[in-house]
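> Sharing a sequence plus its predicted fold:
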Amino acid sequence: VSYQAEIKKSGLTVKEIKQGDSSSVDLTEADVILAGGRGLENSKNFNVLFECAEMMGAAVGASRVAVDEGWVPYAMQVGQTGKTVSPKVYIACGISGSVQHFAGMKTAAMIIAINRDAEAAIMKRCDYFVVADFFEIIPALTGKLKTAANGDTKDI
């Protein structure tokens, strides 16, 4: 079943936006984690996550595949053989959702997954599933955050 959601402008008012520092955020203490997996395709593409995480004050995590490929260090690995995390929001980007990865983040208060594969296993384990290309969603979010950080909040 395919469904196209109509996204309406929220009634929220942004009072202040502060740019965070993702390099100093401990995964196990983070309120928000942006995590990348095989769908990011290479180490260079993790920079897209780092840029967005910095704007959000979030930490960056990774799947075992991303670590095994050498794209990011082991310290960023979330899962059964990595770190167990319990953020308020966990955003999985290009992560299929193996049982081992889920074991490390299942206690997150909210799990949002962005994946091109509408049948990815993580779909059954998340609160919100966005069938889309990470390379469209995260840069757009980063752009909105940068605009807001510059004081323009009318289009958020």
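Perfect, thanks for sending it. Numbers count the residues shown, from 1 in each chain.
> quick one, helices of this structure?
For the chain, the helices defined by DSSP state H occupy 46-56, 64-68, 99-105, 134-149.
> can you list the ones you listed in a markdown table and add mean pLDDT, distance to residue 77 and mean neighbour count?
Where you see a C-beta, it was placed from the backbone N, CA and C, and this is true even at glycine. Listed next are these as a markdown table, based on pLDDT from 0 to 100; distance: least, Cβ to Cβ, whole Å; neighbours: other Cβ atoms under 10 Å:
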| stretch | mean pLDDT | distance to residue 77 | mean neighbour count |
| --- | --- | --- | --- |
| helix 46-56 | 94 | 13 | 20 |
| helix 64-68 | 97 | 5 | 20 |
| helix 99-105 | 96 | 8 | 20 |
| helix 134-149 | 91 | 19 | 16 |
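> so which of the ones you listed gets nearest residue 80?
Closest of these to residue 80 is helix 99-105, at 4.1 Å (criterion: Cβ to Cβ).
> other SSEs contacting the closest one?
Applying 3 or more Cβ pairs under 8 Å, 6 or more residues apart in numbering; DSSP states H and E, one finds that helix 99-105 contacts no other helix or strand.
> how far does that helix sit from the chain's center?
A distance of 15 Å separates the centroid of the chain from that of helix 99-105, by Cα atoms, centre = their mean, to the nearest Å.
> What are the contacting residues of it?
Here helix 99-105 makes contact (Cβ atoms under 8 Å, 6 or more residues apart in numbering) with 33, 35, 37, 61, 63-64, 77-85, 87, 90, 92, 95, 111, 122, 125.
> Show me where the protein dips below the pLDDT cut-off.
Confidence mapping of the chain against pLDDT under 70 gives the ranges 1-25, 153-156.
> Strands of that one, residue ranges please.
Using DSSP state E, the strands assigned to the chain run over residues 32-36, 59-62, 89-93, 110-115, 128-131.
> so which of the ones you listed gets nearest residue 145?
When the strands of the chain are compared by Cβ to Cβ, strand 32-36 sits nearest residue 145, at 11.8 Å.
> For residue 116, list the residues it contacts.
39, 94, 131, 132, 133, 134.
> give me that answer again for 10 Å
With contact set as Cβ atoms under 10 Å, 6 or more residues apart in numbering, residue 116 has these partners: 39, 94, 130, 131, 132, 133, 134, 135, 136.
> ok, how many other residues are close to the residue nearest to residue 40 when sequence neighbours are not counted?
Excluding the flanking residues, the one nearest residue 40 by Cβ to Cβ, 6 or more residues apart in numbering is residue 94, at 4.9 Å. When neighbours are defined as other Cβ atoms under 10 Å, residue 94 has 26 of them.
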